[in-house]
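A.B. asks: Here is a sequence together with a model predicted from it:
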Amino acid sequence: MSDTTGTSSTDVNGISAGSPGMPDFSNFNLSAAQGDDDLTRLVTCFLQAGTNEYNGALGARISALFVIMIISTCATAFPVVATRIRRFKIPVYVYLFARYFGTGVIIATGFIHLLDPAYSEIGPQTCVGMTGGWASYSWVPALALASCVITFFVDFAAERYVENKYGLNHEGEMNVEAMITADNAGNPGTLAPMHEHANGDSEANHSHNHNNDLALAQSRRSNRATSNAGYVSKKEADIYADDADSETSSVVIENAFRTQIAAFLVLEFGVIFHSVIIGLALGSAGDEFSTLYPVLVFHQSFEGLGIGARLSAIPFPRRLKWMPWVLVIAYGLTTPIAIAVGLGVRTQYNAGSYTANVVSGILDSLSAGILIYTGLVELLARDFLFDPNRTKDGKRLAFMSCCVLLGCFLMALLGKWA
């Protein structure tokens, strides 16, 4: 950077033709800057420019691929296994912890692990954010807003489709949590009727046939269900059992599935985009690899627990009973595959390059909008504010709230390192 007066291979704006938006550091010419803003941009690009930082430790990086794959897959699969293996018994509060801790993790991921890094990649104070069209607007919040609104309309369209085609509304949704976590009114382990709260209070009767059918089907199951105190027997609580109510329950399950799966798929895609970026970074990281490795193991396992908990609450119809397992595997394999790709280009990939920052910034911004909307609206608000089946048990509500706060806190803490 000492040569400030000599000739330069860059164009009049001090930008190398070979790397759009990046200065030619081999022959950096500050005299080419046209005005203070251009000078600031050149200096910023110079200071923020990254290089390939790979420094060996190939064996440890390969181990990271398998460790993250196994741990994240197991964390994602645990809530799904707990709700779909008939012989499996799960304590009520274990399931509640997984579900609401995961909600906190997803919210914190959107803000801390996606939105903040996006600002450091394409924000107004970055090289990208000072170059060309990127300098004309603050694109990070715009992209996050766009993905947030699109996610809302995807969710809304799915709801309207089910309402119009099947005549089902929110009041007719299945109380999957109640069927998983059991009745709380002195009969632990039994199935809770559709509109019965934890303290035994009943909701007002609904006139819609789907609602009546659902309550009838679930009440029949509740009369048959028994289990050990404090535990939930999946053999008894399995909503997919082939019994006398199978025809009624299959219709209800199909409708409930259709209202929830679109929003969940959008959530998983948002998380997967993020997983690709961090997998590439881990595969080619430099000195920070030793810190990044354990942090990302926790990061991916926490995210997986959140994904799995929400997946376990979706009532999949029998014809799609394979689908939750495919979604679990998809999440578990995404980061390892990205790590493998990062290892393949470990001596060439530059996470700080202009192109890498643009791609990462766009994906992080879009994913942030998806996770923020899903976490706050689909998960937090729906469970705590708008769920007609929400428990009135103060102890359980306090536990659920603490789980959300703990998930937010731990995931935000991990943001200090990754």
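C.D. replies: That came through, no problem.

A.B. asks: Residue 104: what's it in contact with?
C.D. replies: 403-409, 411 (C-beta atoms under 8 Å, 6 or more residues apart in numbering). All C-beta spots, glycine's among them, are computed from the backbone N, C-alpha and C.

A.B. asks: Can I get the buried part of these as one ChimeraX selection?
C.D. replies: Only the buried members of these end up in this ChimeraX selection, burial being decided by 16 or more other C-beta atoms under 10 Å:
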select :403,404,407,408,411
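
A.B. asks: any idea which of the contacts of residue 104 is the one closest to residue 156?
C.D. replies: If you rank these by distance to residue 156 using C-beta to C-beta, residue 404 comes first, at 24.5 Å.

A.B. asks: For the closest one, give its distance to residue 339.
C.D. replies: To residue 339, residue 404 is 30 Å away according to C-beta to C-beta, to the nearest Å.

A.B. asks: Likewise for residue 85?
C.D. replies: Distance from residue 85 to residue 339, by C-beta to C-beta: 30 Å.

A.B. asks: again with residue 283
C.D. replies: Counting by C-beta to C-beta, the gap from residue 283 to residue 339 is 4 Å.

A.B. asks: Now do the shared contacts for those two.
C.D. replies: With C-beta under 8 Å, 6+ apart, residue 283 and residue 339 have common neighbours residue 61.

A.B. asks: Verify the stated contact: residue 82 with residue 92.
C.D. replies: No. Counting by C-beta atoms under 8 Å, residue 82 does not reach residue 92; the two are 11.1 Å apart.

A.B. asks: So for these two, which residue has more residues nearby?
C.D. replies: Taking other C-beta atoms under 10 Å, residue 82 and residue 92 do not tie; residue 82 has more neighbours (21 against 18).

A.B. asks: Let me see the contact set for the more buried one.
C.D. replies: So residue 82 contacts 88, 90, 94-95, 98, 234, 312 (C-beta under 8 Å, 6+ apart).

A.B. asks: now for those, which pair is the farthest apart?
C.D. replies: Longest span within the contacts of residue 82, C-beta to C-beta: 98 and 234, 14.8 Å.

A.B. asks: okay, those two: which has more neighbours?
C.D. replies: Remark: of residue 98 and residue 234, residue 98 carries more neighbours, 23 against 20, as counted by other C-beta under 10 Å.

A.B. asks: just so I have it, where are all the strands in the stretch 201-350 of the chain?
C.D. replies: 231-233 (DSSP state E, counting those that start in this stretch).

A.B. asks: out of residue 85 and residue 339, which sits in the busier spot?
C.D. replies: For residue 85 and residue 339, the more surrounded residue by other C-beta under 10 Å is residue 339, and the numbers stand at 27 against 13.
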